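**Q** Turn this into a structure:
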Amino acid sequence: MLYRVGSTKQELKGAALDRFLLGKTGKRWDAVPVPGVSVADLDPHALERFRERAAKTQRLNAEDLEGDDTSLIEKLRLTEGDYLKRAAVLLFHPDPEKFITGASVKVGFFESNSELRFHDEVQGDLFTQVDRTLDLLLTKYLTAAISDEGVQRVEQYSDAETQQVKSTQQVKSEVQHYEKVRKEVKLASGDYVDMKGFEPAMRHLLDTYIRAEESEKISAFDDTSLAELIVERGADAVTQLPKGLSENPEAMAETIENNVRRVIIDEMAVNPKYYDRMSDLLDELILARRKQALDYRAYLEKIVQLTKQVKKPESQASYPAEINTSARRALFDNLDNDEQKAIQLDTAILNVRRADWRGNRFREREVRIAIKSILGDNDEVVDAIFEIVKSQRDH
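**A** Presented below is the predicted three-dimensional model:
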C-alpha cells in the first residue's frame, strides 16, 4: 500500500498513484506504450504537415525528414519497443480519443456563467486541433455572437471594429482567457492533465510548434482531488475552487457532482454493487437539487456525506467487524451480504494467488479455481466475481 506525504497521510489511488508509479519507473504520462496501434494507423497528412513545419523551423535534419514514417517516429523517440507511445498517438493519430480519453478541444461561448450560447468540439491529431481551434476563435468566437430568427442565422457584431481581423495581441489575449476557462472546466470535470508530466521530447515538440507558457496555479489543490478535499475539509473545501466556480452555486454543485461521479466511475470495477448504490444516491440528490427541494446549505451537507461514502466505504457502519478490507467489502457486497462466504473466498484467493498473477493465464486459472471451490459451478457468478477480484488492490 502506498501513501503520499504531506500535511495528512493518504493512500495513493487513481491518477495520483499512476503518477507516482510512472515516476518510480522513470516514465512520464506521454511515454506510456499504447497497444493496438502502429505507424500505419497514423495520419500521413499529419506527418507530412509536421515535416513541412520542421523543415521551415530547421529543427530537424533534412535526412531525418526525408526518411519513411517509421524512421521519423523512431527519430522523435516516440516508440517503446514494438509499441508507439501516447505522444505519437496524440500528435499524429487521426482519432486519438480512441486510445486516450479527453484528447480533444472543446470551445464554448457563454452568455453568462451558466448560459451556453454555442459550442464546438475539435478533434483529430494535436496539430489539427491547434489550427482549427485558433481558426474557430478568429472566425466565430471572437467576431460575432450567433442567434436565430426563425430559420435564418443572424450574426450580430458589437461595433465596426469587431468586423475586422483581430490584431495578434488581441488574439493572444483571447486565447489566454479561453485557456483559463479550459483549466476551470478541466478541474470541474476531474479531468485535469498536468503538462509537467510529459517527457522532455514531448515538451520539446509542444514548445516548438504550440504556444506554451508557465502553468498558472488556479486552486490550492496540489495532488488532491476535489472529492478528497471534501472528505478532509467538508463544505469548506468549496472555498478552494476558482472564483468562477465558487461564487456560482449552480456551477459549484455541478462541479462537485461531476467529481463524485468521476470517482464512482473509476471505482465501479472494484465494487459494482456498492458504487451502483452510490450512483443511485447521487442521481437522487441531483434530482432534488434541480427540483429545488433542498436549500444550498442542506444540499452541501448531503453531498459532503455522500462524497465521504464514495471515497471511504470503510466508514459505513453496516459492515460486520470481520469485513475489514476493501477486498472483503467488495466480496460481501457482491455476494448478497454473505459474510462467511466473503471471508472464505478472500482467504482462498490469498492462499493461491501469486505475484503478478493478472495477465498470466496459468496463475489466473489458479485464482479462478479457488473462486469456484467456494462459489460452485455457476460460471456466470464465478466470472463476475473473478473480474471484481482482478480489480482489488488487496489481491
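
**Q** Please state the backbone phi and psi of the residue lying closest to residue 267 once chain neighbours are set aside?
**A** In this structure, residue 267 finds its nearest non-sequential neighbour in residue 275, 5.5 Å apart by CB to CB, 6 or more residues apart in numbering. C-beta: built from backbone N, CA, C; applies to glycine. Per-residue torsions, residue 275: phi -80, psi -20 (degrees, to the nearest 10).

**Q** next one: residue 33
**A** Main-chain torsions, residue 33, degrees, to the nearest 10: phi -60, psi 150.

**Q** How about residue 85?
**A** Main-chain dihedrals, residue 85, degrees, to the nearest 10: phi -80, psi 160.

**Q** from what I can see it touches residue 33, true?
**A** Yes. Residue 85 lies in contact with residue 33 (CB atoms under 8 Å); the separation is 6.2 Å.

**Q** Looking at the two, which has the bigger crowd around it?
**A** Set residue 85 next to residue 33 and count neighbours by other CB atoms under 10 Å: residue 85 wins out with 25 against 15.

**Q** Give me the pLDDT value at that one.
**A** At residue 85, the model reports a pLDDT of 90.

**Q** Okay, now the unreliable bits of the stretch 101-250 of the chain?
**A** Residue ranges of the stretch 101-250 of the chain with pLDDT under 70: 142-175, 177-225, 241, 243-246.

**Q** now do 80
**A** Scanning the stretch 101-250 of the chain for pLDDT under 80 picks out the ranges 111-116, 138-248.

**Q** residues contacting the residue nearest to residue 267?
**A** The contact partners of residue 275, by CB atoms under 8 Å, 6 or more residues apart in numbering, come to 264, 267, 268, 310.

**Q** elements contacting the helix or strand where the first one lies?
**A** Yep, that's residue 264 we're talking about. Following DSSP states H and E, the helix or strand that holds residue 264 is helix 249-267. Helix 249-267 sits against helix 168-189, helix 226-233, helix 243-246, helix 272-290, helix 296-311, with contacts defined as 3 or more CB pairs under 8 Å, 6 or more residues apart in numbering; DSSP states H and E.

**Q** tell me the angle of that helix relative to helix 296-311?
**A** For helix 249-267 against helix 296-311, the angle by axes from the mean of the first three to the mean of the last three CA atoms, to 10 degrees is 10 degrees.

**Q** list the buried ones in helix 249-267?
**A** 251-264, 267 (16 or more other CB atoms under 10 Å).

**Q** ok, those residues vs residue 55, which is closest?
**A** Using CB to CB, residue 262 is the member of the buried residues of helix 249-267 that sits closest to residue 55, with 42.4 Å.

**Q** Distance of that closest one relative to residue 289?
**A** Using CB to CB, to the nearest Å, one gets 18 Å for the distance from residue 262 to residue 289.

**Q** Check residue 315 too.
**A** As for residue 315, its distance to residue 289 is 23 Å (criterion: CB to CB).

**Q** now residue 394
**A** 36 Å.

**Q** what does stretch 61-70 contact?
**A** Outside stretch 61-70, the residues within contact range by CB under 8 Å, 6+ apart are 39, 42, 44, 47, 51, 54, 55, 71, 72, 75.
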